[in-house]
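Chemist: Dropping the sequence and predicted coords here.
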Amino acid sequence: MAVIFRVRGTRDLLPPETDLWNRVEQTARSVFARYGFGEIRTPIFEDTQLFSRGVGEETDIVSKEMYTWEDRARAESERAQSLTLRPENTAGVVRAYIEHKLNETGMLQKMFYIGPQFRRERPQRGRYRQFWQIGAEVLGPAWSGAESALRDAELLEMLATLLSELGVRGWRLELNSIGSATDRPRYIAALREALVPIKGRLCEDNRRRADTNPLRVLDSKAPEDQALIDTLPKIKDFLDEESTEHFRQVLAALDVCDVPYNVNPRLVRGLDYYTRTTFEFTVPDGSGLGTQNALLGGGRYDGLSEILGGPKAPGIGFAIGEDRLILTLQAQVERDNAAVERKLDAFIAPMGIAQNAAALSLAKELRACGLSVELGDGMFRLRKSFETADKLAHRMVIVGEDEVNSGVFTVKYFAAGEQSKVPRAELASVLTAGITRVSQDL
Ligand code: HAM
């Protein structure tokens with residue numbers, strides 16, 4: 001029978017790796033609790049309109065990445081409905097906020113979630129079709145303080161604390177303000193205009209974006225287009241006074257609580273509901289994410305509740321890509337282990353049990369000279385001696401009958417992939433100096 005494999009872009013998480021996932025989630029839960037967040041669990045599938053309206057028809061997520069199907073009616077009383085596996089959780093949280101009339105409490109709602117999301121993306125390292133997010137949302141009526149810059153700064157400070165408690169190193173907070181719902185159309189119009197004369201010189205992807213969603217041109221990574229993109233108008237020149245002041249207050253609060261950031265005028269993010277503050281936390285190249293360096297992303301969505309038919313409920317939130325977070329932590333651990341990996345100076349390998357005593361005597365001699373030495377065993381096959389020696393030591397000294405009789409030993413240098421013959425009297429100094437070639441080379 002043919003073996004059945006997992007679907008492309010999905011992953012099995014096995015022990016012991018799942019221990020790390022659980023530890024990460026426990027840390028996140030404990031940090032969220034300290035900042036007054038409670039857990040929300042929304043369904044994994046929702047009415048398709050929630051995403052087409054909430055996230056935006058023109059976004060990559062809605063236009064090409066959703067898992068959508070027609071759910072057939074099973075009884076006369078039911079009607080067929082288009083359903084979608086959630087590609088993200090913010091729209092679901094805001095729907096639940098509206099549906100359960102949480103605005104009537106008059107209080108700020110602070111909710112977090114941990115769960116799978118689904119996007120039909122081209123799978124690669126750090127990018128999957130089912131992936132996990134750890135996210136949180138803060139929203140409420142304007143009088144609950146949901147619109148205040150303090151909320152933005154508190155959320156960002158919480159993220160900095162969470163990443164440091166998790167032990168993530170080298171993260172960078174990229175921050176921008178994309179203005180209010182009225183600033184954006186003015187900016188997009190200016191962007192469209194500025195794109196007209198240069199469009200022909202952009203790559204095919206960006207030419208398409210220039211027509212469908214010009215903001216997306218700004219976060220293009222195409223190297224050949226970067227110089228042209230830098231000449232485009234900047235959103236900060238289109239912010240109204242209130243948005244400018246709001247952003248100034250966010251930055252000032254971050255300065256006071258020592259959260260480092262980098263204002264990035266090109267950070268516009270790929271979902272339509274964002275207003276004002278948008279942000280991403282990235283990690284440096286070589287952090288285990290390949291080309292996917294955004295560990296998490298988020299921002300403010302002051303008009304989303306109204307777009308979904310609800311009351312005014314400004315809000316801000318983020319979602320961490322948990323798969324990416326885990327990859328980053330694993331890469332760090334590997335790097336740390338490599339840094340502390342201490343290999344011994346030499347591994348002494350007797351060739352046959354008859355050479356054990358001679359090998360022990362040589363090991364004693366070398367240790368007395370201050371070398372770190374491990375001793376093999378004459379019952380090991382040559383291959384096993386090689387493998388063990390390569391794991392434990394920089395060099396291997398072969399102690400065979402010929403060597404013992406002649407007093408000249410074969411030394412194998414693993415890193416250089418070389419070997420040479422060394423007289424006993426010179427062994428200690430050769431092994432100490434790490435010299436790979438001596439005069440008696442073969
Ligand atoms: P997003 O930027 O689309 O924002 O996703 C947030 C994070 O999820 C990304 O930074 C990345 O780490 C992770 N992620 C996204 N797609 C994938 C994928 N295919 N494979 C692995 N990880 C992925 C949102 O989803 C917003 N709902 C965030 C938010 C919350 N904004 C306000 N509140």
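Modeler: Thanks, I have it.

Chemist: Can you give the distance of the host helix or strand of Q332 from its chain's centre?
Modeler: Assessed by DSSP states H and E, Q332 sits inside helix 322-340. A distance of 11 Å separates the C-alpha centroid of helix 322-340 from that of its chain, computed with C-alpha atoms, centre = their mean, to the nearest Å.

Chemist: Help me see whether it makes contact with the ligand, please.
Modeler: Yes: counting by C-beta under 6 Å from any ligand atom, the ligand has neighbours in helix 322-340: D323, R324. C-beta here means a position set from N, CA and C on the backbone, and glycine is covered the same way.

Chemist: list the helices and strands the following helix or strand past that helix packs on?
Modeler: Counting by DSSP H and E, the element after helix 322-340 in chain order, helix or strand, is strand 346-350. Helices and strands touching strand 346-350, as assessed by 3 or more C-beta pairs under 8 Å, 6 or more residues apart in numbering; DSSP states H and E, comprise helix 356-368, strand 373-375, helix 382-392, strand 395-399.

Chemist: Which residues does the shortest one contact?
Modeler: Taking C-beta atoms under 8 Å, 6 or more residues apart in numbering as the criterion, the residues outside strand 373-375 that touch it are 344-348, 350, 359-360, 363, 366-367, 389, 392-393.

Chemist: 7 Å instead, please
Modeler: With C-beta atoms under 7 Å, 6 or more residues apart in numbering as the test, strand 373-375 has contacts from L344, D345, A346, F347, I348, A359, L360, A363, L366, R367, L392, A393.

Chemist: ok, now stretch 256-263?
Modeler: Residues outside stretch 256-263 that contact it (C-beta under 7 Å, 6+ apart): L156, E157, A160, R172, L173, E174, L175, N176, L254.

Chemist: Most neighbours out of the residues you listed, which is it?
Modeler: Highest neighbour count within those: N176, with 26 neighbours (other C-beta atoms under 10 Å).

Chemist: Now do the same contact list for I316.
Modeler: Residues counted as contacts of I316 (C-beta under 7 Å, 6+ apart) are V138, R151, D152, L155, T277, G299, R300.

Chemist: and the residue in the stretch 251-400 of the chain that the ligand sits nearest to, how many residues sit next to it?
Modeler: Closest approach between the stretch 251-400 of the chain and the ligand, counting by C-beta to the nearest ligand atom: G321, at 2.2 Å. When counting by other C-beta under 10 Å, one arrives at 24 neighbours for G321.

Chemist: out of the contacts of stretch 256-263, who's nearest L327?
Modeler: The nearest member of the contacts of stretch 256-263 to L327, counting by C-beta to C-beta, is R172 at 16.9 Å.

Chemist: could you list every residue that touches the residue nearest to that closest one when sequence neighbours are not counted?
Modeler: Counting by C-beta to C-beta, 6 or more residues apart in numbering, R172 lies nearest to T282, which is 5.1 Å off, once chain neighbours are set aside. Applying C-beta under 7 Å, 6+ apart to T282 gives the contacts W171, R172, E174, N293, A294, L295.

Chemist: where's the residue nearest to the fourth one when sequence neighbours are not counted relative to A136, distance?
Modeler: Ranked by C-beta to C-beta, 6+ apart and with sequence neighbours excluded, the top spatial neighbour of N293 is T282, at 4.6 Å. When C-beta to C-beta, to the nearest Å is the yardstick, T282 and A136 sit 19 Å from each other.

Chemist: Could you do P123 as well?
Modeler: 27 Å.

Chemist: Compare those two (neighbour count), which wins?
Modeler: Per other C-beta under 10 Å, whichever of P123 and A136 has more neighbours is A136, with 29 against 15.

Chemist: Any chance of the backbone angles for that one?
Modeler: A136 adopts backbone torsions of phi -150, psi 150, taken as degrees, to the nearest 10.

Chemist: isn't it right up against A319?
Modeler: No: using C-beta atoms under 7 Å, A136 is not in contact with A319; the gap is 8.2 Å.

Chemist: and I134, what does it touch?
Modeler: By C-beta under 7 Å, 6+ apart, the neighbours of I134 are E25, A28, I114, I320, E322.

Chemist: I misspoke; the intended subject was H394.
Modeler: Residues in contact with H394 (C-beta under 7 Å, 6+ apart) are K343, D345, F414, A415, G434.

Chemist: Find me the pLDDT at the residue nearest to D302 when sequence neighbours are not counted, would you?
Modeler: Of all residues beyond its chain neighbours, the one nearest D302 is P314 (4.0 Å), with distances taken as C-beta to C-beta, 6+ apart. Each residue has a pLDDT score; the one for P314 is 97.

Chemist: again, but for R95
Modeler: Reading off the model, R95 has pLDDT 98.

Chemist: Check D183 too.
Modeler: Note for D183: predicted pLDDT of 89.

Chemist: which ones are touching it?
Modeler: Shown in contact with D183 (C-beta under 7 Å, 6+ apart): F238, L239, D240, S243.

Chemist: same check, this time on T182
Modeler: So T182 contacts D240 (C-beta under 7 Å, 6+ apart).

Chemist: From A146, how far off is it?
Modeler: 19 Å.

Chemist: Check C369 too.
Modeler: Here the criterion is C-beta to C-beta. By it, C369 lies 71 Å from A146.

Chemist: Which one's more surrounded, these two?
Modeler: A count of neighbours by other C-beta under 10 Å puts A146 above the other of C369 and A146, at 23 against 13.

Chemist: any idea how far the more buried one is from the ligand?
Modeler: Per C-beta to the nearest ligand atom, to the nearest Å, A146 is found 13 Å from the ligand.

Chemist: these two touch, right, that residue and L139?
Modeler: Yes: here A146 reaches L139: they are 5.5 Å apart, a contact under C-beta under 7 Å.

Chemist: which residues are common contacts for these two?
Modeler: Shared contacts of A146 and L139, defined by C-beta under 7 Å, 6+ apart, are found at A313, P314, G315.
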